[in-house]
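*Asks:* have a look at this prediction, sequence included:
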Amino acid sequence: MLVKGSGIQLEGYEDDVVPILPVPCSFTYKSCYGNSFSISCLQPPLIPAYSYTDYKIQGKTIKRTIMDLKSA
């Protein structure tokens, strides 16, 4: 991932490039019929997110939100 101005310089990568490598994940799913399945995958450790600044949110109506006030 290119993060311009980050100042990161890793060997084997261009300047300002941050590698995001996939990580393995596995879990067991139990169906309502009593069957269980072992599922594994390999995916990047990213969580999609979107945020509003206090200026952008002024005058908007939002029906549902998730807020983390503890770290604010």
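*Replies:* Structure's in. What do you need?
*Asks:* how about the strands of this protein, start to end?
*Replies:* 23-30, 36-43 (DSSP state E).
*Asks:* okay, these in CSV with mean pLDDT and distance to residue 55 next?
*Replies:* Every residue, glycine included, has its C-beta placed from N, CA and C. Compiled in CSV, the strands of the chain are given as follows (pLDDT from 0 to 100; distance: least, CB to CB, whole Å):
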stretch, mean pLDDT, distance to residue 55
strand 23-30, 93, 36
strand 36-43, 93, 34
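*Asks:* what's the residue nearest the centre of the chain in contact with, if anything?
*Replies:* For the chain, residue 47 is the residue whose C-alpha lies nearest the centre (CA atoms, centre = their mean; 1.6 Å). By CB atoms under 8 Å, 6 or more residues apart in numbering, no residues touch residue 47.
*Asks:* coming back round to it: looking at the strands of the chain, which is nearest to residue 17?
*Replies:* Residue 17 lies closest to strand 23-30 among the strands of the chain, at 18.8 Å (CB to CB).
*Asks:* helices or strands next to that closest one in the packing?
*Replies:* strand 36-43 (3 or more CB pairs under 8 Å, 6 or more residues apart in numbering; DSSP states H and E).
*Asks:* buried set for the strand it packs on?
*Replies:* Residues of strand 36-43 include none that count as buried (16 or more other CB atoms under 10 Å).
*Asks:* compute the first-to-last residue distance for stretch 11-29.
*Replies:* In stretch 11-29, first residue to last residue: 40 Å (CA to CA, to the nearest Å).
*Asks:* quick one: the helix or strand of the chain with the lowest mean pLDDT to chain centroid distance?
*Replies:* Sorting the helices and strands of the chain by mean pLDDT, DSSP states H and E puts helix 54-57 at the bottom, at a mean of 81. Helix 54-57 sits 23 Å away from the centroid of its parent chain (CA atoms, centre = their mean, to the nearest Å).
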